[in-house]
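S.K.: A predicted structure for the sequence below; I have some questions about it.
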Amino acid sequence: MKRFVLTLATLAMTATASAADTMKMAVTTSFHNSGLSEILLPAIEQDLGLEVQLLVVGTGQALQLGRSGDVDAILVHSRSAEEAFVAEGAGTHRREIMYNDFVVIGPSEDPADVASAETVLDALQSIAASEARFVSRGDDSGTHKKELSLWAAASQTPEGAWYNAVGAGMGAALNTASGLNAYILSDRASWLNFGNKGDLALLFSGDPVLFNQYAFLPVNPEVHAHVANGLAQKLEGWLVSDRAADLINGYRLGGEQLFVFNATPDASPQG
Amino acid sequence: MSHLLPLTVQGAETTHRGKRLVGPIDLTIEGAGATVIVGPNGSGKTTLLRLLHGAARLTHGEIAWNCPMDEAQLHQAFVFQRPVMLRRTVLENLIYPLKVRGTSKREARKSAVAWAAKIGLSDMIDRSALVLSGGEQQKLALARALITAPKVLFLDEPCAALDGRATREVEVILQAAKQNGTRLILSTHDMGQARRLADEMLFMLGGKIHEFGPADTFFEAAQTASARAFLKGDIVE
Amino acid sequence: MADIWLGLSQAFWLVITFDAELMEITLRSLMVSLSALVIASAIALPLAALLAVRRFRWRRWVIAILNALMGLPPVVVGLIVYVVLSRSGPLGVLGLLFTPTAMVIAQVIIIVPLIASVAHQALRDLWSEYHDLLISMHVTQGQKVATLLWDARRALLTASLAGFGRAIGEVGAIMIVGGNIDNVTRVLTTAIALETGKGEFALALGLGFVLIGLAIAVNLSIHALSRTEVEARW
């Protein structure tokens, strides 16, 4: 019993002792699920002596955490929402870091014949036309917003019994798609890392429309004086460095490259 | 010797939801010995005892001890018809009233062990009070009431649920308490017990005192017809 | 079904190899929920006793509210605690959001109504038994409460353990206020949610089995502790 209490005490100590140089960053589920954070975070800690604590949430919640000043920076992928975030003064600026891409997943027998589509818009139209089951994140996340913009571009209003908005994260939505044997739009990383594929397969990818730009946004210290803006800037410097480029471009999952580093070295704010 | 007495009751009444349970009561209790309250079921014996003890609400009239009320309460104890056992050991039940009065642990324990011996429960002091027989529980309740050396002890039909042997044991303890100067005020259904213990008799009927006086007079020559009928064993209402 | 066997074997391996990460999140789960248990009991048990012995004006309301709060979804508690502890909330300056302390606060709020309600049932019954005796002995209000708490201690232990079970198995609230940050606020339940999200059902199940085992171990050891005490006394 005594030793147990001692262990608890040590744990309590270590939980607070490492608070020297730490910052909190909200990232999207899809980024975290890619596994890239497990490569980048140790490198950041090694190079900068900075412990980045990740809050893995949906894009909507990430932006909200930034607005409330509960995190020091956010790393998300929803351009219009990010630009609004900067425009309203919640973030200092928006810095593009890298992109990955979205892919269309579906049942391997492919009833809507998505695999032979020319563009992703064709693919979505044939899903809608055949009323094949489709699972949508429905959680206002970056992926969800992307999906909605694609439906709009394809001049479709997705509704009806075949369209299932689950209001959940990428993993949970993939679990649902796997259970329903339905089509779903996913980021490539989440798909490759997903352990419960069942009868699902990657059916369509490569359309430039599906590229998914990640950007880094420091929370505005003029709004929230307590945020660690210095650390956020330090982290931004690292994220656009050659070292980060090598790690990001070199990251492989199942033999596939997931992310393409595309940060511009000059720090002029974008958006 | 007791400065608690006399107890003076004037026009005392207790009502529950508009219904008068007991009263009006005019009564003076003084001197030493035992006052035994008798009367048919529902005549108000229990309520009268609780009223005198201060455990029932006095809606009208006055109850006055020969000292301030909070001091008077400190020197009283009450034993119920069905003993209330604390979910503790025999010893802890005995220690409890001393502990709430701030008696030191050592003193309380010493006194509790002595009382356990007096009531013949020495072998049981570390057993749960809940496993005792009915007679043992009532003896324990009695000892727990007497351990603070109260000047007035109320007992509400203390032997109603006990067999003959347990009743005798309880009466032995009560006689000893009386000898030691504790004023007893008890109700009973057992006229034999009333004869054995009473110095004063009080006959209740319909929430009122019908007769109150020395025990000898009551048993030899009761004044009221209802008391005589009750003594004869007739049903009185 | 295969997932369950895989999960069991995962749990088995994680446990017998003393997997460092598992140990850490398990200990954190224990620490957070035991702290919540102690604090919640310190609030709920005296409150339950007071509700049993005192007849005050809002008593019925308090009891009704406690009973209603028992059914409060933890996510709602999490959201409320989040809003209060957020940097832009009233207690934001404390900087407690996304710390184990915030998780303890959320769990305390979730289990106080449960412990108080269950304890109140037990204490009310005991009070109806003791009422006449304690009134007759003119014990103080504090002594009444202390007597009831002590003599009902085994029923209260059950109430507290029910609270502990709810605390350690809770995920919705602590996910929001703790943030599931690796090495800081990740506990068993949030790790399970994370692994489930990744589709790693076997690992999630493995963690689930560890959680069940932990809950059983805590219950057994607390009962064992209380029983040795009981045998010595009774």
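M.R.: Nice, I can see it.

S.K.: Low-confidence stretches in chain A?
M.R.: A:1-20, A:266-271 (pLDDT under 70).

S.K.: quick one: B:L58 and B:Q10 touch, right?
M.R.: No - contact criterion CB atoms under 8 Å: B:L58 and B:Q10 do not qualify, at 10.9 Å. For glycine as for every other residue, the C-beta is placed from the backbone atoms N, C-alpha and C.

S.K.: Among those two, which residue is more densely surrounded?
M.R.: Each of B:L58 and B:Q10 has its neighbours counted (other CB atoms under 10 Å in any protein chain shown); B:L58 has more, 17 against 14.

S.K.: which other residues reach the top helix by length along chain B?
M.R.: Criterion DSSP state H: the longest helix present in chain B is helix B:164-179. Contact with helix B:164-179 is made by B:32-34, B:118-120, B:133-136, B:138-139, B:142-143, B:146, B:153, B:155, B:158-159, B:162, B:184, B:186, B:190, B:193, B:196-197, as judged by CB atoms under 8 Å, 6 or more residues apart in numbering or on different chains.

S.K.: Let's see that with 10 Å instead.
M.R.: Contacting residues not belonging to helix B:164-179 are listed as B:32-34, B:79, B:115, B:118-120, B:133-139, B:141-143, B:145-146, B:149-150, B:153, B:155, B:158-162, B:182-184, B:186, B:188, B:190, B:192-193, B:196-197, B:199 [CB atoms under 10 Å, 6 or more residues apart in numbering or on different chains].

S.K.: In helices, which of the residues you listed fall?
M.R.: B:115, B:118, B:134-139, B:141-143, B:145-146, B:192-193, B:196-197.

S.K.: Just the buried residues of those residues.
M.R.: B:115, B:118, B:135-139, B:141-143, B:145-146, B:193, B:196-197 (16 or more other CB atoms under 10 Å in any protein chain shown).

S.K.: Most proximal residue of chain C with respect to chain A?
M.R.: C:G197 (3.0 Å; CB to the nearest CB).

S.K.: these two touch, right, that residue and A:N33?
M.R.: Yes - judged on CB atoms under 10 Å, C:G197 makes contact with A:N33 at a distance of 7.3 Å.

S.K.: Comparing those two, which residue is more hemmed in?
M.R.: Of the pair C:G197 and A:N33, A:N33 is the one with more neighbours under other CB under 10 Å, namely 26 against 23.

S.K.: Now for the more buried one: which residues touch it?
M.R.: Here A:N33 is in contact with A:56, A:169-171, A:174, A:186-187, A:189-194, C:194, C:197-199 (CB under 10 Å, 6+ apart).

S.K.: next one: A:G169
M.R.: A:28-30, A:32-33, A:56-58, A:137, A:139, A:141, A:143, A:175, A:190, C:193-194, C:196-198.

S.K.: Which ones among these lie within helices?
M.R.: Per DSSP H, helices hold the following members of the contacts of A:G169: A:29-30, A:32-33, A:143, A:175, A:190, C:193-194, C:196-197.

S.K.: Now for B:C67, how many residues are close by?
M.R.: B:C67: 15 neighbours (other CB under 10 Å).

S.K.: right, and it touches B:H3 too?
M.R.: Yes - B:C67 is within contact range of B:H3, at 5.8 Å (criterion: CB under 10 Å).

S.K.: So for the residue of the stretch 151-271 of chain A found nearest chain C, what's the nearest residue that isn't a sequence neighbour?
M.R.: Across the stretch 151-271 of chain A, the shortest distance to chain C (CB to the nearest CB) belongs to A:G171, at 3.0 Å. Sequence neighbours aside, C:G197 is the residue nearest to A:G171 in space, at 3.0 Å (criterion: CB to CB, 6 or more residues apart in numbering or on different chains).
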